[in-house]
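[1] with the sequence up front, the predicted model follows.
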Amino acid sequence: MSVLRFDEAVLPNGLKVVGEHNPLASSVAIAYLIETGGRDEDEAEHGVSHFLEHLCFKGTAKRDAAQVSRDFDALGARYNAFTSDERTAYYGAVLPDAVPELLELLSDMMRPSLHAADVDVERNVVLEEIAMDADSPASTAFDRARAAFFGAHPIGRPLLGTTASIGSLSSADVAAYHERRYRAGNMLVVVAGAYDWDAVLAQLALETRDWPAGDDPRAHPPLALGSGRLEERAPRITRAHVAVLAPGVGRQDPRRVAATLLARAIGGADNSRLFWSLIEPGIADEASLWHDDAEGFGSFGAYLSTDDASVERVLDVAFGVFEEAQRSGLSPEEWASAQRTLATGLTLRGETPMGRLVTLGSAYLERGRYESVREVVDEVLGTPLEAGLALLAERPFDRALRFVLRPESPVSAS
């Protein structure tokens, strides 16, 4: 019999709180998940979600940036944050007796000071990140591919923003975005481990009592996916980098697990069709396929890296692999191997409170329910091969967008 208990509450201001209580755990992990990311930005505020994530560590009415860091360290916390196209997260893990202090610190960070001087200092940090990203050929290839594939939809823009967009953001712009998107109803607090549920709720009610209530519903602009092939020559690179995007399925689509398993069987890091066709024979340096699900839509993504002279051969082999899968399907053995690999990864990640945070919270936000590790694993192992074959029968890779970033040719270099 499971010792786990699922807890759930909504505070008067709309803040959602969920927990997975494990009395046998030796730690407690806490996360704030905010339903906001790159796709929620207006064009004029491009990059503000990631910028704001940085600024939440730069100080509040109670503590400056140095004190934020010192307080995390004093708790012995393992902590971090991330921003994606759809979500921003701040999280940490501590020993059970430090839960009140960690919860207070994370809650305080959700109301940053956003002083103009801090914004200007952190702007330079983000601009440096953008410059570093521009030096990555793989990132450049995917930025170009996403722009062409997603078109005018904001999810096609680079998450970090651009030099121009970050350079023009003022503290007032960031504060306006924070006021709009960091409302209590747009947030979920997730707790996992050996916590005191009543104490957590009482503290959160106190910490967030003055926060703006309600939410800011996500806009859903029209989506028209691109396809075909684009190519660009770039200086100072020595290898060719290929980004491929093809239509997938969305977060709430029951076929999302089948899509993930398909990607693992066709293009996982090892023992996949792309591995045996491109990596093992030494034709490509890297060859992988994955599936990303978003709210309302999803996509398959593939990355290929090779020398410039082998680009056409690599593309022919990769799309030959995709075509063979679409035409003839996968074997039961390939499907079972993908299931076991995914199930093992989910199980290992779910063995610690920290590992449970994002998957626990994401399931609640995306599907409105609690999903235990056992339930998630059972869903993976119980997804039939026929579900994957049905997705392949739709021939998603016929509608793929290919972007090839290649070294400058000898002619253009001269």
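    Perfect, thanks for sending it.
[2] identify the residues contacting residue 54.
    Residue 54 makes contacts with 122, 125, 126, as judged by CB atoms under 8 Å, 6 or more residues apart in numbering. (C-beta placed from N, C-alpha, C; glycine too.)
[3] which non-adjacent residue is nearest the first one?
    If I follow you right, that is residue 122. residue 54 (4.9 Å; CB to CB, 6 or more residues apart in numbering).
[4] swap in the second one?
    The spatially closest residue to residue 125, leaving aside those adjacent along the chain, is residue 54, at 6.4 Å (CB to CB, 6+ apart).
[5] quick one: strands adjacent to the helix or strand containing residue 90?
    Using DSSP states H and E, residue 90 maps to strand 88-94. In the sheet, strand 88-94 lines up against strand 28-34 (antiparallel), strand 78-83 (antiparallel) (DSSP bridges).
[6] most tightly packed of those?
    strand 28-34 (a mean of 25; mean count of other CB atoms under 10 Å).
[7] ok and the helix or strand just after that one relative to strand 78-83, angle-wise?
    Counting by DSSP H and E, the next helix or strand C-terminal to strand 28-34 is helix 48-55. Orientation note: helix 48-55 sits at an angle of 160 degrees relative to strand 78-83 (axes from the mean of the first three to the mean of the last three CA atoms, to 10 degrees).
[8] off-centre distance for helix 48-55?
    Here helix 48-55 is found 15 Å from its chain centre; the criterion is CA atoms, centre = their mean, to the nearest Å.
[9] what's the answer for stretch 87-95, then?
    15 Å.
[10] check stretch 379-397 too.
    23 Å.
[11] same question, stretch 131-142
    Relative to its chain's centre, stretch 131-142 lies at 18 Å (CA atoms, centre = their mean).
[12] pull the residues that contact that stretch.
    So stretch 131-142 is contacted by 158, 160, 163, 234, 237, 239, 241-243, 301, 303, 305, 403-405 (CB under 8 Å, 6+ apart).
[13] switch to 6 Å and redo it
    160, 237, 241, 243, 403, 405 (CB atoms under 6 Å, 6 or more residues apart in numbering).
[14] report the two of those separated the most.
    Comparing all pairs in those by CB to CB, the longest separation belongs to 160 and 237, at 19.8 Å.
[15] quick one: buried residues of stretch 139-158?
    Neighbour-count burial for stretch 139-158, counted by 16 or more other CB atoms under 10 Å, picks out 139-150, 153-158.
[16] higher neighbour count, residue 160 and residue 237?
    The neighbour comparison of residue 160 against residue 237 (other CB atoms under 10 Å) goes to residue 160, with 25 against 18.
[17] can you confirm the more buried one is in a strand?
    No: counting by DSSP: H, G, I helix; E, B strand; the rest coil, residue 160 falls outside a strand, being coil.
[18] so how far is residue 123 from the nearest residue to it once chain neighbours are set aside?
    Ranked by CB to CB, 6+ apart and with sequence neighbours excluded, the top spatial neighbour of residue 160 is residue 130, at 5.1 Å. For residue 130, the distance to residue 123 equals 10 Å [CB to CB, to the nearest Å].
[19] over to residue 275?
    Taking CB to CB, one finds residue 275 at 42 Å from residue 123.
[20] same question, residue 95
    Residue 95 is 36 Å from residue 123, by CB to CB.
[21] of those two, who's got more company?
    Using other CB under 10 Å, the more surrounded residue of residue 95 and residue 123 is residue 123, with 20 against 15.
[22] ok, the nearest residue to the more buried one once chain neighbours are set aside - contacts?
    Leaving aside its sequence neighbours, residue 123 sits nearest to residue 166 (CB to CB, 6+ apart; 6.1 Å). Neighbour list for residue 166: 47, 126, 127 [criterion: CB under 6 Å, 6+ apart].
[23] please repeat the previous calculation with a cut-off of 7 Å.
    Contact analysis of residue 166 by CB atoms under 7 Å, 6 or more residues apart in numbering lists 47, 51, 123, 126, 127, 130.
[24] what's the burial count for the fifth one?
    The tally of other residues near residue 127 (other CB under 10 Å) stands at 16.
[25] average pLDDT across the strand holding residue 90?
    For strand 88-94, mean pLDDT is 98.
[26] for the stretch 251-400 of the chain, just list every one of the strands.
    286-294, 297-306 (DSSP state E, counting those that start in this stretch).
[27] quick one: low-confidence ranges for this structure?
    1, 410-414 (pLDDT under 70).
[28] wait, what's in contact with the spatially most central residue of it?
    Among the residues of the chain, the one closest to the centroid is residue 84, at 4.6 Å (CA atoms, centre = their mean). Going by CB under 7 Å, 6+ apart, residue 84 touches residue 37.
[29] dihedrals phi and psi, it?
    Main-chain torsions, residue 84, degrees, to the nearest 10: phi -120, psi -170.
[30] try residue 73
    Dihedral angles (degrees, to the nearest 10) for residue 73: phi -70, psi -40.
[31] and for it, the neighbour number?
    10.
[32] now, which of the buried residues of stretch 139-158 lie within helices?
    139, 140, 141, 142, 143, 144, 145, 146, 147, 148, 149, 150 (DSSP state H).
[33] just put these in TSV and tack on distance to residue 63.
    Putting these into TSV (distance: CB to CB, whole Å) gives the following:
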residue	distance to residue 63
139	34
140	38
141	41
142	37
143	36
144	41
145	41
146	37
147	39
148	44
149	42
150	39
